[in-house]
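Pasting a predicted model and its sequence here:
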Amino acid sequence: MQVICISRGTQSGGKELAEQLAAKLDYACLSREQLNEAATQQGIQVGRLEMAMVRPGIFSERLALERDHYLAFTTVYLCDKAMEGGLVYHGRTGHFLLPGVSHVLKARVLADPEYRIKAVMQDLGLERGKARRYIEDVDEDRRRWVRSMYGVSWEDAANYDLVLNLAQVSMENAATVLMNMAQLPDFQMTPASRRSMEDLRLAARARTMLAQDERSHDASVNVRADNGVVNVTYLPQDAPLAQVIPEVCQDLPGARDVRVTMAMTNLLWIQEEFQPHSEIYDEVVELATKWNAAVELIRPAPEEENSAPQEEVLEQTGRESASFATREYNGGIEEDTAEGEVANGGLKHTLDELARIGRSGGGRVVYGDPNHLVDTLDRTVPYTLVVLGDLFLSKGHAARLRATRDLRSFLSDRIKAPVVTADELGGQYFFGKRDIIRTAAFLVLTLALYLLVFTYQEPILKFLSFSGWYAAAIEDTFLSRFDWMSKLVVSLVVFLFVPLVAYSYGTVARAVLKLIKME
């Protein structure tokens, strides 16, 4: 069930390329237009949604829900088609519906601008200038659609495995290139990538079921599935859903368990070895409780674990157990994650603890480089904070610090949320030992500044008004001729003194708020 997604523009030749490639591979071919037609038949207002996405000024809460329903339905539809056999899909960045599925080949097709203009002139009967403007307008709408729907740039080459310019390559050769690339081991389905697609389909089915039930149709929820366990987070105003969601999803095929969490946002915690009730666990849970957030876990598995034997582990629900044989090296094809590996590194235990206190946002194991880690994220989930715990444990101390800093920088450029390390987490959000000395020093400075002002109010007022001792000191000197210079000195003193007071007082106030956990 290999999937090839071709992103195309108007009259770019992408449709013809997709059809020719599908014929060569004997795969099914699915277009975005067919996908939208199926969504429309399910009652989703695709036309209105498209207009809202390209004209953000008219976007509303109701349309935001419609977008969620559209994404859920199209994900289910695309996964169902893909699981029937090989699939070639052509449209606008359809691969973003399948984040973290490694056997998806992502290609973008470009065409010569002159070819596109002539094609529009012929098909729509427009003159040259209007045809050019038509293409520009449609391309701009597609940029806005992709930006609004997925939060990424449609034209960013980093979002694709291959960019083909049909101005330099014939249609036949372009199809051959894609066919040969699709045969590479990198794009073959593995048990891990199959599991990822099944989880995506499971989560999307759960979201679709919630959209179709009148009790939960108007609720804004986030749904994800990890190894068959469905995690649903809902907003506080939808508190009655705590009982409704399990009822709606009780007959969901493939679901081993349904976990429901009330949350306003999500915290993402990335770490190699999780330990419930460790210091960082307590800090993350405290923040999640304070911010009413669900905690999502990602465990980047170390490379040496790829060839390590699998020990007997419990299924994520804790109700079944399975034994895994030694994993043999097979050329890098099956190196992502296998079913049951979510129990590794304390992940299962930590997820169970988070579920017990109502803070679970799901979790998973991710192999590969940071790019693959980012690809597995659901871009529609609002993250308030990303916490980097203990990572790169196989490296030395200095190398670990350097690699963690590099990962932090990489994630900061790609995730719209602050990214902090475990050390920074405690320093920024919790009152620690280092804060005691700092707070005491600034408290003394603040008290001294206020005492100085209240003790010498009269001299200070005379100084500010350019009278008293200062005026007498420069009387009959050449400085008295430069009234503007005196005013400049007074202004400079005020300019330096006021920020000093504000900074020292603000530091003490922030520390006190951190101490009483009110920041």
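Nice, I can see it.

Only C-alpha atoms from now on, for both contacts and neighbour counts.
Fine.

OK, contacts around residue 293?
Going by CA atoms under 8 Å, 6 or more residues apart in numbering, residue 293 touches 262, 263, 264, 265, 266, 267, 287, 359.

farthest pair in these?
In those, two members sit farther apart than any others by CA to CA. They are 262 and 287, at 14.6 Å.

quick one: which of those two has more around it?
Using other CA atoms under 10 Å, the more surrounded residue of residue 262 and residue 287 is residue 262, with 23 against 20.

Excluding residues flanking it in the chain, which one is nearest the more buried one?
Distances taken as CA to CA, 6 or more residues apart in numbering put residue 234 closest to residue 262, at 4.9 Å, once the chain neighbours are dropped.

Looking at the contacts of residue 293, which are in helices?
Residues of the contacts of residue 293 located in helices (DSSP state H): residue 287.

For the contacts of residue 293, give me a markdown table that also has pLDDT.
Below are these laid out as a markdown table (pLDDT from 0 to 100):
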| residue | pLDDT |
| --- | --- |
| 262 | 84 |
| 263 | 84 |
| 264 | 83 |
| 265 | 84 |
| 266 | 87 |
| 267 | 90 |
| 287 | 86 |
| 359 | 87 |
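
Let me know the closest of the contacts of residue 293 to residue 83.
Nearest to residue 83, judged by CA to CA, of the contacts of residue 293 is residue 266 at 30.6 Å.

Residue 259 is in contact with the residue nearest to residue 262, correct?
No. Taking contacts as CA atoms under 8 Å, residue 234 lies outside contact range of residue 259: 11.1 Å.

average pLDDT across the host helix or strand of residue 462?
For residue 462, the element it lies in under DSSP states H and E is helix 457-464. Per-residue pLDDT values over helix 457-464 give a mean of 77.

which secondary structure elements does that helix contact?
Applying 3 or more CA pairs under 8 Å, 6 or more residues apart in numbering; DSSP states H and E, one finds that helix 457-464 contacts helix 469-474.

Following element in sequence after the helix it packs on, please.
Next along from helix 469-474, by DSSP H and E: helix 483-515.

List the buried residues of that following helix.
Neighbour-count burial for helix 483-515 flags 486, 501, 504, 505, 507, 508, 511, 512, 514, 515 (criterion: 16 or more other CA atoms under 10 Å).

now stretch 244-252
Residues 245, 246, 248, 249, 252 are the ones in stretch 244-252 that count as buried (16+ other CA under 10 Å).

tell me the SS of the last one?
Look at residue 252: counting by DSSP: H, G, I helix; E, B strand; the rest coil, its state is coil.

count of neighbours near residue 371?
Quick note: residue 371 (other CA under 10 Å) scores 13 neighbours.

Then the one 4 residues further on?
The criterion is other CA under 10 Å. On that basis, residue 375 has 16 neighbouring residues.

Quick check: phi and psi at it.
Main-chain dihedrals, residue 375, degrees, to the nearest 10: phi -60, psi -30.

same question, residue 226
phi -130, psi 110.

returning to what we had before: could the contacts of residue 293 be laid out in TSV, adding distance to residue 151?
What follows is those, written out as TSV (distance: CA to CA, whole Å):
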residue	distance to residue 151
262	25
263	22
264	20
265	17
266	17
267	19
287	26
359	26
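
where in the stretch 1-150 of the chain is pLDDT low?
Along the stretch 1-150 of the chain, segments meeting pLDDT under 70 span 53-61.

So which residues of it form strands?
With DSSP state E, counting those that start in this stretch as the criterion, the stretch 1-150 of the chain has strands at 3-7, 28-31, 87-91, 104-110.

For residue 182, find the nearest of those.
Of all the strands of the stretch 1-150 of the chain, it is strand 104-110 that lies closest to residue 182, at 6.7 Å by CA to CA.

Neighbouring strands - and their directions - for that closest one?
For strand 104-110, the paired strands and their directions (DSSP bridges) are strand 3-7 (parallel), strand 162-165 (parallel).

residues of whichever helix or strand residue 407 is part of that come out buried?
Following DSSP H and E, one finds residue 407 within helix 397-412. Of all the residues in helix 397-412, those buried under the rule 16+ other CA under 10 Å are 400, 404, 407, 408, 411.

Identify, from these, the entry nearest to residue 210.
Closest approach between those and residue 210, by CA to CA: residue 411, at 31.9 Å.

For the helix holding residue 407, what is the distance to the chain centroid?
Taking the mean C-alpha point of helix 397-412 and that of its whole chain, the gap between them comes to 19 Å (CA atoms, centre = their mean, to the nearest Å).

can you give me the mean pLDDT across it?
Per-residue scores along helix 397-412 average to 89.

Which element is encountered next along the chain beyond that helix?
For helix 397-412, the succeeding helix or strand toward the C-terminus, using DSSP H and E, is strand 419-421.

Report the residue ranges of every domain in the chain.
Using automatic domain parsing, the domain parsing of the chain gives 3-187, 191-429, 433-515.

ok but residue 378 is inside a helix, no?
No. Counting by three-state DSSP, one finds residue 378 to be coil, located in no helix.

For the residue nearest to it when sequence neighbours are not counted, which residues are in contact?
Among residues not flanking residue 378 along the chain, residue 99 sits closest, at 7.0 Å (CA to CA, 6+ apart). Counting by CA under 8 Å, 6+ apart, residue 99 touches 375, 376, 377, 378.

would you turn those into CSV with distance to residue 197?
Below are the contacts of residue 99 laid out as CSV (distance: CA to CA, whole Å):
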residue, distance to residue 197
375, 13
376, 11
377, 13
378, 13
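
Dump those to CSV, plus pLDDT and distance to residue 367.
As requested, these are exported to CSV (pLDDT from 0 to 100; distance: CA to CA, whole Å):
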residue, pLDDT, distance to residue 367
375, 77, 11
376, 78, 10
377, 78, 13
378, 71, 17
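
which of these sit farthest apart?
Greatest spacing in the contacts of residue 99, by CA to CA: 375 and 378 (8.1 Å).

what ranges do the helices span in the stretch 101-250 of the chain?
113-124, 128-150, 171-182, 191-212, 241-248 (DSSP state H, counting those that start in this stretch).

repeat for the stretch 251-400 of the chain
So, for the stretch 251-400 of the chain - with DSSP H, counting those that start in this stretch - the helices run 279-291, 347-356, 370-375, 397-412.

hmm, who's touching the last one?
Residues external to helix 397-412 that are found in contact with it (CA under 8 Å, 6+ apart): 370, 374, 388, 391, 392, 393, 418, 419, 420, 421.

which of the residues you listed are buried?
By 16+ other CA under 10 Å, the contacts of helix 397-412 give 374, 388, 391, 392, 419, 420, 421 as buried.

any weak-confidence spans in the stretch 251-400 of the chain?
In the stretch 251-400 of the chain (pLDDT under 70), the answer is 302-344, 379-380.

Could you rerun that using 80?
The stretch 251-400 of the chain contains residues with pLDDT under 80 at 301-344, 367-372, 375-382.

all strands of it, in order?
257-262, 265-270, 293-300, 313-314, 321-322, 360-366, 383-388.

The third one pairs with which strands, parallel or anti?
Same thing as strand 293-300. strand 265-270 (parallel), strand 360-366 (parallel).

what's the angle between the longest one and helix 279-291?
Just to be clear, that refers to strand 360-366. Interaxial angle of strand 360-366 relative to helix 279-291 (axes from the mean of the first three to the mean of the last three CA atoms, to 10 degrees): 140 degrees.
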